[in-house]
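Asker: no letters, just coordinates:
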C-alpha cells in the first residue's frame, strides 16, 4: 500500500519561497504509469490542482500557477518536491501530494496534507 507524506512548512513570510517535499513509501515514483501531483485547498474553498509529474518525468503545471511553481522528483530518495515563489497570503492552504494511475485519471492516493500559512 503506497503512502505519501508531505513535509511540514507551517508559517512562511510573504514574498519568500515555499518548499515542500512528499516522501513516498510502499511504491516507486518511477513505476509505469503513475502520475504524481501537488494539490492545495485554501480555507473555505475547493481543491486546486497545482501541477504534477508523470513516471517518464514529464511535468505539467496549472496555467494559473506556472510562473511561480517548480515541481521535480528525486528518484533516489523517492520524493516529489514543489517550490512556490514568491508566496502571497492567498497561498495559505492545506497542501497535498497525490497519486493517480495515469495522467487525467482521478487521484486515488493522497497524503494527509500539510497546513501552510503565509503571513508576516
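Answerer: Yep, that arrived. Fair warning: this is a prediction, and the values are worked out from it, not measured in the lab.
Asker: ok, which stretches of the chain are strands?
Answerer: 3-6, 10-12, 18-25, 35-41, 48-54, 59-61, 69-74, 79-84, 93-100, 109-110, 114-118 (DSSP state E).
Asker: adding mean neighbour count and mean pLDDT, write those out as a markdown table.
Answerer: Every residue, glycine included, has its C-beta placed from N, CA and C. Below are the strands of the chain laid out as a markdown table (neighbours: other Cβ atoms under 10 Å; pLDDT from 0 to 100):
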| stretch | mean neighbour count | mean pLDDT |
| --- | --- | --- |
| strand 3-6 | 18 | 97 |
| strand 10-12 | 14 | 89 |
| strand 18-25 | 18 | 97 |
| strand 35-41 | 22 | 97 |
| strand 48-54 | 20 | 96 |
| strand 59-61 | 16 | 96 |
| strand 69-74 | 16 | 95 |
| strand 79-84 | 21 | 97 |
| strand 93-100 | 22 | 97 |
| strand 109-110 | 16 | 97 |
| strand 114-118 | 18 | 97 |
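Asker: quick one, what contacts the nearest residue to residue 26 once chain neighbours are set aside?
Answerer: Closest residue to residue 26 apart from its sequence neighbours, by Cβ to Cβ, 6 or more residues apart in numbering: residue 2 at 4.4 Å. Residues near residue 2 by Cβ atoms under 8 Å, 6 or more residues apart in numbering: 24, 25, 26, 27, 99, 109.
Asker: residue 27 too?
Answerer: Residue 27 touches 2, 34, 99, counting by Cβ under 8 Å, 6+ apart.
Asker: so how far is residue 54 from the last one?
Answerer: Taken as Cβ to Cβ, to the nearest Å, the spacing of residue 99 relative to residue 54 amounts to 11 Å.
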